[in-house]
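[1] turn this into a model:
(3 chains)
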Amino acid sequence: MVDATPRADDIIPPAEVPELELYHPKSWWTTYVFSQDAKVIAIQYAGTAIAIGLVALVLSWLMRLQLGFPGTFSFITPEAYYQFVTMHGMIMVIYLLTALFLGGFGNYLIPLMVGARDMVFPYVNMLSYWVYLLAVLVLVASFFASGGPTGAGWTLYPPQAILSGTPGGQSWGIILMLVSLIIFIIGFTMGGLNYVVTVIQGRTRGMTLMRMPLTVWGIFTATVMALLAFPALFVACVMMLFDRVLGTSFFMPALVEMGQQLSYGGGSPILFQHLFWFFGHPEVYIVALPAFGIVSDLISTHARKNIFGYRMMVWAIVVIGALSFIVWAHHMYVSGMHPWFGFFFATTTLIIAIPTAIKVYNWVLTLWRGDIHLTVPMLFALAFIVTFVNGGLTGLFLGNVVVDVPLSDTMFVVAHFHMVMGVAPILVIFGAIYHWYPKMTGRMLDERMGRFHFWVTFVGAYAIFFPMHYVGLVGVPRRYPELGDSAFIPASVHDLNAFITIAALIVGFAQMVFLFNIFWSLRHGKEAGPNPWRATSLEWQTPTTPPPHGNWGDERPVVYRWAYDYSVPDAPQDFIPQNDPWPQKVPAARQA
Amino acid sequence: MSVILVLIVVVAGFSFWWLLQQRVLAKPWLEYGVHTALPETDVSHMPTAKIGLGIFLAVVASLFALFASAYFMRMEYADWQSPPLPRILWFNTVILVLASLALHFAVRAVREGRPDVARLALAAAGLASLLFLAGQLTAWRELTAGGYFLDTNPANGFFYLMTGIHGLHILGGLAALARATVRAWTEERIDERLRLGVELCATYWHFLLLVWLGVFVLLAGWAGDLVALCRQLLT
Amino acid sequence: MAAALVLVLVVVGSILFHVLSPWWWPPIASNWGYIDNTLIITFWITGAVFSAVVLFLAYCVWRFRHKDGQKAAYEPESKKLESWLTIATAVGVAAMLAPGLYVWSQFVTVPEDATDIEVVGQQWQWNYRLPGADGKLGKADNRLVTFENPLGINPEDPAGQDDLVIEAGELHLPVGKPVRMLLRSIDVLHDFYVPEFRAKMDLVPGMVTYFWFTPTRTGTFEVLCAELCGTGHGYMRGTVLVDTEEDYQAWLEEQTTFAELAGARKLAAGKP
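    Numbering: from 1, shown residues only, chains lettered A, B, ... in the order given. All right, here's what the predicted structure looks like:
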C-alpha cells in the first residue's frame, strides 16, 4: 500500500487558465445576487434559513408563553397556538435545518473540501437557491392569507389538515403550505444533484473518497438520502393538494364534519402517514448526518488528534443512511396500522442504534489522549455529544414498540426529538459557524461573546428539554394549548412548565448575542489569517482568505494524505495539511 | 410500499457496489502520495453531465416508484374502480417508442458524424414527443367524455396524476431537446457539446419510455393481476 | 476545568432530578404493568450508558486539556476496542428489545373472553357503543351518520338494534374483565388515551382499530385525545369509570338502545 517514491504522474498539472475564465464575475449583480459561486449561494441559503428560523424561534416563544402561563395572553387562542406549533415545526425541520445543512454548509464546504473550483453545475445551483427563496416566500405568504397559516401540525395528517375544524384547513393556509413544500422539493433537487455529483466528479487529484473529511461524507450521504426521500413528501403533498382542491379521495375516507356528510369516500389516512414518514424518518438523518460529519471534524481539529476509527465512522454514516429507509413506521406504532409491523420496525429501529452508538464512542475516544483546546467550536461539539447521547437514548424508549405505546404523543416525544434533532444539530451549527466564520470573512468571531452564548445555550437548552421528558412521563399529551385541571396532572407540573418557559425565553434571547457577534465581528473581529485553527483539510489551505470565486488561484491543490494527520509522530508541526507532500518518504513507524 | 422498497434496495446495492470500487475498505492513513488517485483516477472519465442525469433519473425513479406504491396501497380499498383504458394509449405508446428510436438514431448519427441524419432524427423525436403529449391529452378528453372525472374515483385520480406527471417530465425534456435540435440545425459540424446534448436527451427519453411502460402496465391493471397471481402462487 | 465540571454536574443533576422528581407516571389501573417494567429496564440501561459516556467525556476533557508541550497520541483505530464496544452495544440493545417484543406480542393478542366496546370519536367528543343483550355490535358506516343516528349504525342490521349508545357521556367498565376497545372515528384522527391504562391507539375514519386491556382497579379516569384533531383537540376530554360488577350492571340498565334513541329522535324531529 505504501509508496513514497514520486511517480511521473505526481507532477502537478499545468495551470487551468481556461477553466478560470468561467469564474470571472461579470457585474455586481452576478457577483452578489445572481451569483453562481457556491460560496455566495451558501451564504444566501444560510442567511435566508436563519432569517426564517428566527420567525420559528419567535413562534416557539409564543407557544411556550401559552404553555407556561396559560390564559395570560388572550391573543393566543387555540387556533393561533396550533398555527404557531405547525409553522414552528415545519420551518425548523425543513426550511431551517435541511436548507442550512445542505444548502448552506454543503455549498460552502463541499467544493472547498474536495478541492473543486465550484459546484459542477453552477447555474442549476444558483437556480436552486432562488427556488428555495420562492418556497420560503410562499410559506411566509400563508401568514398573511385570510384564515392564516395551517394549524395541522407539521405532520399535516389528513383528514383534519384539510377540514374546517383545523386552522387554515378550508382557507389558503394548507394550500400555500403544500405548494411551498412542493417548490422546496424542486429547488432542493437542483441543489442536491450538485452536492452529490460534485463529490463524485469534482474531487481534485489525490482526493480519494477515503481521504475526504467526514463533513463531506455526512453531507454527501444525507443528500443522497434526501434525493430519494423527498419524492415521498412530494407525492404526499401533490395527492393531498388534489384531495383539498380537486375533490379526489386519495387520503379521505367517508366522513361527517360538523353534522355534514362530505363528498369524500373510501380513502386512507394511513396511506398518507406511510408516505409522510417514508420521507419523515430519513429526514431526521438528513439533518443528523451532516451534523455527525461536521462534529467529527470539529472534535478532531480542536483535540489535535485524528478522528478515531475513521473507516468505521464512514461505514456507520453509510449504514445509518441505508437503514433509515426501513424504520419509518416506528412513527406509526399507535396509528392503527397492522400490529405485526411493530415487531419488524422495532427491531430495525433498535438495530440502527448500534452504528449510531459506534459514532458516539469514536467521538469520545478521539478525545482520549488528545490535546484538547477548549475553543468555542470544541465546547459546542462537547455539548452536542451530551445532548445527542441524551436524545438518542430516549429514542430507544420510543423505538421499542411497547414502550412507545404509553409515551407516544406525549411531551416525552416532544422532548426527545427536540433534544436529538433540534438542540444537538443546532449546537453543531453554532460550532460550525464559529469554526468556519474565519474562512468566510477573514476574521474571528468574538470569543467572549461566543463563550457566553455557548454556556447559556447549552445549559439553558438542557434545562428546557431534560425536565420536559418528565412532563411527558406524567402523561401530558403534546399539542395541548393548556392542560386544564386534570386529576392525573399534579399542580407542580404547571410550575415546571413555567420554569421551562422562562428557560426558553432566556435561551432565545441569548441567540441575539450570537447574531450581534456575527455582524460585530465582520468589522471588529480579530484578523484570522488563512488557517487560524491549524487545520489539515483543504478549505484552510486556499491561497486567499476569504477565497474568491474559483477558490484556488491558478492551480487546484493536489492531495497527498487523508484529512486527519494531526499530531503525526516526527512531524514538524502537530498538523500536516492534506496538500503538504511531507515527508516525501513514509517513516517506518507509520507502516506498522 | 413494496415498489419503493425494491427501488431502494436496488439503489443501495448499486451504491454499495460503487463504494466498494472506491476502496472504502482501505486504511487511508497508510496511503501516501497521489498515486492512488488521478490520473489513474477514481473520478470517472464519464462526462459530469451524464452522471448528473443518472442521479436525476434515480430521483425520478423514486418519484414514480412512490406513486406506484401509493397506487397499490390505495387499490386495496373497496371503492376502487379502474377506468376503461383509452384505446389511444396504445397508439401513444408506439409514438413514444418511435421518439426513443429516433433519438437512438440521432445518437448514432452524431457519433458517426452525419449532421443531416442527426438533424432529421432530432426533429422527428421532437415531433413524435409532441404528438405523444397531444395523444395523452386526447386520452384525458376521452375519459372525461365518458364521465370518468378526476374526482369520481381514486383510480381515475391516479390515471390523471401519473400521466400528468409523466407528461410534465416529457415537456421538461423537450426544452433540452429543443436546444440540441436548434444547435444541430445552426452549427455546420457536430461538436462535442452537441454530441453530449443528444446523448443526454436519448438517455432521458429511453428512461421516460421505461417509466411510461411501467405506468401503462399499472394503469391497465396488469400489474395488479400480476401481484394477485404471484400471491396465488405463493399460497 | 469548568467544562469538565459542568459535564459532571449534568450527569449528577440529571440523576438527582430523576430520583427526586415528583413527576412520574400516574398509578397504573390496567394489566399493562409489563409495559412499566420494560420502561424501567430501559431507564436503567440508558441511564447507565448516559452517565458512563458523559462522565468519561468529562474525564477526557479534564485529563487531556491542552497544556504547553502536550502532544496528542496518533491512533487511527483499534479494531479490537471497536468490536467489543459494538458487541456490548448490541447486547444492551437486545436486552431492551427482547422484553419489548415479548410484551408487544401480548399487546397484540386479544384474549378470547374480551368484551367488545366501541369508541367513536368525533370533533370534539367521545361516544361509545356497547353490545346489547345479543353480545354483538351491529354494522356501522360513516355514510349512515345522521342526527337520528349519530354513530352511523346500520338500521338494517338486527344485531345493531339493541346496541347501547352513549353520546358524549361517561363510559363505565367492569373491573377485572378484559375488554377489547374497537375504535372508530366519524371525522378525523383521534386517539383514545387514558394515562392510567397505559395503552392507547388511534381512531381512524374509514377503518376499525383496536387495543385491549383489563382494568385492575375501580376509580374515575380521564380520557384524553392524543392525536391532533383540530382546534378543540386540547379540550376533547371524557371520563371512564371502572366499576364493581354490581355498579356496572346498574349503570347498564340505565342506558338507551339504538332502537330507542332513533325512535325518540324521529319523534322529536317530527314535531313542529
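
[2] does B:N153 touch B:Y77 like I think?
    No: using Cβ atoms under 8 Å, B:N153 is not in contact with B:Y77; the gap is 10.8 Å. For glycine as for every other residue, the C-beta is placed from the backbone atoms N, C-alpha and C.

[3] what do these two both touch?
    Listed as contacting both B:N153 and B:Y77 by Cβ atoms under 8 Å, 6 or more residues apart in numbering or on different chains is no residue at all.

[4] who has more neighbours out of those two?
    A side-by-side neighbour count of B:N153 and B:Y77, using other Cβ atoms under 10 Å in any protein chain shown, places B:N153 first with 20 against 17.

[5] can you give me the neighbour number for the residue nearest to that one when sequence neighbours are not counted?
    In space, and not counting its chain neighbours, B:N153 is closest to B:Q81: 4.9 Å by Cβ to Cβ, 6 or more residues apart in numbering or on different chains. Neighbour count for B:Q81, taken as other Cβ under 10 Å: 12.

[6] please apply the same query to C:N37.
    Neighbours of C:N37 (other Cβ under 10 Å): 12.

[7] residues touching it, list them.
    Neighbours of C:N37 in contact, by Cβ under 8 Å, 6+ apart: C:P99.

[8] nearest to chain B: which residue in chain C?
    C:P76 (4.6 Å; Cβ to the nearest Cβ).

[9] dihedrals phi and psi, that residue?
    Per-residue torsions, C:P76: phi -60, psi -40 (degrees, to the nearest 10).

[10] isn't the residue nearest to B:N153 right up against B:G157?
    No: assessed by Cβ under 8 Å, B:Q81 is found out of contact with B:G157, at 11.4 Å.

[11] residue of the stretch 251-400 of chain A nearest chain B, please.
    A:G266 (3.1 Å).

[12] number of nearby residues for the residue nearest to that residue when sequence neighbours are not counted?
    Distances taken as Cβ to Cβ, 6+ apart put B:D79 closest to A:G266, at 3.1 Å, once the chain neighbours are dropped. Per other Cβ under 10 Å, the neighbour tally for B:D79 reads 15.

[13] part of a strand, is B:D79?
    No: counting by DSSP: H, G, I helix; E, B strand; the rest coil, B:D79 is not part of a strand but coil.

[14] where do the strands of the chain begin and end?
    Assuming you mean chain A. Remark: strands assigned in chain A by DSSP state E are A:256-257, A:260-261.

[15] could you do chain C instead?
    C:115-122, C:125-130, C:164-166, C:171-174, C:179-185, C:190-193, C:200-203, C:209-213, C:219-225, C:238-243.

[16] format those strands as a markdown table; extra columns: distance to chain B and mean pLDDT.
    Shown next, in a markdown table, are the strands of chain C (distance: least, Cβ to the nearest Cβ, whole Å; pLDDT from 0 to 100):
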| stretch | distance to chain B | mean pLDDT |
| --- | --- | --- |
| strand C:115-122 | 20 | 93 |
| strand C:125-130 | 22 | 94 |
| strand C:164-166 | 26 | 91 |
| strand C:171-174 | 30 | 94 |
| strand C:179-185 | 16 | 95 |
| strand C:190-193 | 21 | 95 |
| strand C:200-203 | 17 | 94 |
| strand C:209-213 | 16 | 94 |
| strand C:219-225 | 25 | 94 |
| strand C:238-243 | 30 | 94 |
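
[17] reformat the ones you listed as JSON lines; add mean neighbour count and distance to A:I317.
    Converted to JSON lines, those look like this (neighbours: other Cβ atoms under 10 Å in any protein chain shown; distance: least, Cβ to Cβ, whole Å):
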{"stretch": "strand C:115-122", "mean neighbour count": "22", "distance to A:I317": "43"}
{"stretch": "strand C:125-130", "mean neighbour count": "22", "distance to A:I317": "47"}
{"stretch": "strand C:164-166", "mean neighbour count": "22", "distance to A:I317": "54"}
{"stretch": "strand C:171-174", "mean neighbour count": "22", "distance to A:I317": "50"}
{"stretch": "strand C:179-185", "mean neighbour count": "23", "distance to A:I317": "41"}
{"stretch": "strand C:190-193", "mean neighbour count": "28", "distance to A:I317": "35"}
{"stretch": "strand C:200-203", "mean neighbour count": "28", "distance to A:I317": "34"}
{"stretch": "strand C:209-213", "mean neighbour count": "22", "distance to A:I317": "37"}
{"stretch": "strand C:219-225", "mean neighbour count": "21", "distance to A:I317": "39"}
{"stretch": "strand C:238-243", "mean neighbour count": "20", "distance to A:I317": "47"}
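
[18] wait, which of the ones you listed is closest to A:F184?
    For A:F184, the closest of the strands of chain C is strand C:200-203, at 28.1 Å, according to Cβ to Cβ.

[19] list the buried residues of stretch A:71-90.
    A:76, A:78-90 (16 or more other Cβ atoms under 10 Å in any protein chain shown).

[20] just how off-centre is that stretch within its chain?
    Using Cα atoms, centre = their mean, to the nearest Å, the mean C-alpha position of stretch A:71-90 is found 25 Å from that of the whole chain.

[21] ditto for stretch A:506-513
    Offset of stretch A:506-513 from its chain centre (Cα atoms, centre = their mean): 20 Å.

[22] does it reach chain C?
    No: judged by Cβ under 8 Å from any Cβ of the partner chain, stretch A:506-513 and chain C are separated, with a smallest distance of 15.7 Å.

[23] quick one: mean pLDDT over that stretch.
    For stretch A:506-513, mean pLDDT is 95.

[24] likewise for stretch B:202-211?
    96.

[25] could you pull up the contacting residues of the closest residue to chain A within chain B?
    Here chain B gets closest to chain A at one residue, B:D79, 3.1 Å apart by Cβ to the nearest Cβ. Residues counted as contacts of B:D79 (Cβ under 8 Å, 6+ apart) are A:S249, A:G265, A:G266, B:N153, B:P154.
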